[in-house]
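> Just a sequence and a predicted model for now, questions to come.
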Amino acid sequence: MTTLQVPGFIAGAACAGIKKDKKSDLGIIFSEVPACAAGVFTTNRVQAAPVLLDKERIKSGLCQAIVVNSGNANACTGARGLRDACAVAKAAADALGIDDELTLVASTGVIGRPLDVSAIKSVLPQLARELTPSGLFDVARAIMTTDTFPKAVLKKGTFDRKSFTVAAVAKGAGMIRPDMATMLCFVCTDVAATPETLGNTLKRAVAGSFNTITVDGDTSTNDTVIALANGLSGINLTEPSCAGVFQKILNELLFTLALQIVQDGEGATKLVTIEVRSAPDEKSARQVAYTVANSPLVKTALFGQDANWGRIMAAVGRAGVPLNPETVDIFFDNVCVVRDGQGRGNAAEEEANRVLRGDRFTISIDLKLGSKGATIHTCDLSTDYIRINSHYRT
């Protein structure tokens, strides 16, 4: 992997003993100058203390540090949870020598348990001293919970003969259907921006990436995407043509991370794209796609490499959108298993079963009711998903 370094940013991770496995569970991302900040947060009405704190602080449009822990979500912890989030932010700010209000926090892990603030405070001073330009990848490792690999991407761009860098780290494997899952993402870039411009750019990128994936249909209490832009490249997003170049790169970067999250779905063995075509409107197309993508019966059939198209038809039919069953076509990659609402026989199903033996494929559903479409990315549902989540706390 390309070294994960963005000019003006340093980062690092440490073990505070929050996670049961005693691996690194605390990370800091620090901008050497105050950076423009924007965020997108969970739409779940139950929101963790770090989300509540960050939504208030990010209104200033400035941030210089993010401190994040895994192993404990600090969610459903009442007034104490908010005090603990503030205490962690202040301790990090003190260790870094910056204003408390320029520090954001994030947490991921078990819901409903008080955060061990003293454990975090005990390692923050040393962690702050050991931050390095190459430490972002260490943060990617530290924020993992049930993830099996760290998720990190870096891209470079040019504008007006100047270069800029964008890097991001993320975590997520289960409780994933963001709609802004459990997922966190932190973006660092050396472009300059206003909070409004950076916020709009980030929202567009999230809409085409994290908001097109689902592992299990659950939306977390802690979903957070934060972008920091420190301006050290001398490139400014207020220039419209520059904004377009940056938007394209950010879209690609977040989409790559989104697919990594689905690929790493808890117990997943297959990365599956659900494509709905010829719907009356985009909302209906997304509703059909998500209904199929989140159906346990469909997902277990995919794990079993069984082209059981009846389960897909049933999911389409209960999606709550206008539908004529006699016009629906279903494909596994380019293999048509249903034409005008009826199966095409055993030979087609056998051919489709061969498609399902691969680890990546597309299910296309043509409603023949309009001109709109939607694409959602998901995974299969394996026995390991049950095992992982039945023992998550124990």
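Here it is on my side, so go on.
> Who does the strand of greatest length in the chain pair with, and is each partner parallel or antiparallel?
Scanning the chain for the longest strand, with DSSP state E as the assignment, gives strand 26-41. According to DSSP bridges, strand 26-41 forms sheet pairs with strand 9-14 (antiparallel), strand 62-72 (antiparallel), strand 224-229 (antiparallel).
> Please identify the buried residues of stretch 89-106?
For stretch 89-106, the neighbour count (16 or more other CB atoms under 10 Å) marks 89, 91, 92, 93, 95, 96, 98, 102, 103, 104, 105, 106 as buried. Where C-beta positions appear, they are placed from N, C-alpha and C, glycine not excepted.
> Which residues does the helix or strand hosting residue 350 contact?
Element membership for residue 350 (DSSP states H and E) is helix 346-356. With contacts defined as CB atoms under 8 Å, 6 or more residues apart in numbering, helix 346-356 is touched by 270, 302, 305-307, 309, 332-333, 335-337, 343, 361.
> Can you pull the domain assignment for this protein?
The chain is divided into the following domains under automatic domain parsing: 9-263, 271-390.
> Span of the shortest one from start to end?
Length of domain 271-390, first residue to last, CA to CA, to the nearest Å: 23 Å.
> got it, and the first one?
Counting by CA to CA, the length from the leading to the trailing residue of domain 9-263 is 28 Å.
> any idea of the mean pLDDT for that domain?
Averaged across domain 9-263, pLDDT comes to 93.
> Now do it: distance to the chain's middle.
11 Å (CA atoms, centre = their mean, to the nearest Å).
> what do you get for stretch 345-359?
Its chain's C-alpha centre and that of stretch 345-359 lie 31 Å apart, by CA atoms, centre = their mean.
> List the buried residues in it.
Under the neighbour-count criterion of 16+ other CB under 10 Å, stretch 345-359 has 348, 349, 351, 352, 353, 355, 356 buried.
> swap in stretch 149-162?
Buried residues in stretch 149-162 (16+ other CB under 10 Å): 150, 151, 152, 153, 154, 155, 157, 159.
> before we move on, the earlier item: tell me the two of the contacts of helix 346-356 that are most distant?
Farthest apart among these by CB to CB are 270 and 343. That separation is 22.1 Å.
> Those two - which one has more neighbours?
residue 270 (22 against 15; other CB atoms under 10 Å).
> OK, contacts around the residue nearest to the more buried one when sequence neighbours are not counted?
Leaving aside its sequence neighbours, residue 270 sits nearest to residue 380 (CB to CB, 6 or more residues apart in numbering; 4.5 Å). By CB under 8 Å, 6+ apart, residue 380 lies in contact with 268, 269, 270, 272, 299, 300, 302, 303.
> Buried ones only from the residues you listed, please, as a ChimeraX command.
Buried members of the contacts of residue 380, defined by 16+ other CB under 10 Å, are picked up in ChimeraX with:
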select :268,270,272,299,300,302,303
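> In TSV: the contacts of residue 380, plus secondary structure and distance to residue 114.
Formatted as TSV, the contacts of residue 380 follow (DSSP: H, G, I helix; E, B strand; the rest coil; distance: CB to CB, whole Å):
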residue	secondary structure	distance to residue 114
268	coil	32
269	coil	37
270	coil	38
272	strand	39
299	helix	35
300	helix	37
302	helix	39
303	helix	37
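> For the buried residues of stretch 345-359, give me a markdown table that also has pLDDT and distance to residue 22.
Formatted as a markdown table, the buried residues of stretch 345-359 follow (pLDDT from 0 to 100; distance: CB to CB, whole Å):
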| residue | pLDDT | distance to residue 22 |
| --- | --- | --- |
| 348 | 96 | 52 |
| 349 | 95 | 49 |
| 351 | 96 | 49 |
| 352 | 96 | 46 |
| 353 | 95 | 44 |
| 355 | 97 | 43 |
| 356 | 96 | 39 |
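> would you list the residues you listed in CSV and tack on distance to residue 232?
Below are the buried residues of stretch 345-359 laid out as CSV (distance: CB to CB, whole Å):
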residue, distance to residue 232
348, 57
349, 57
351, 54
352, 52
353, 54
355, 48
356, 48
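> where exactly do the strands run in the stretch 201-350 of the chain?
All strands of the stretch 201-350 of the chain, identified by DSSP state E, counting those that start in this stretch, fall at 224-229, 271-279, 329-332, 335-339, 342-343.
> which of those sits most buried?
Stretch with highest mean neighbour count among the strands of the stretch 201-350 of the chain: strand 224-229 (a mean of 28; mean count of other CB atoms under 10 Å).
> C-alpha coordinates for it, CSV please?
Extracted in CSV, the C-alpha atoms of strand 224-229 (Å, rounded to 0.1, in the frame of the first residue of the first chain):
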residue,chain,number,x,y,z
THR,A,224,-19.6,9.2,11.9
VAL,A,225,-17.8,10.5,8.9
ILE,A,226,-15.5,13.5,9.5
ALA,A,227,-13.4,15.3,7.0
LEU,A,228,-10.6,17.7,7.9
ALA,A,229,-9.0,20.1,5.3
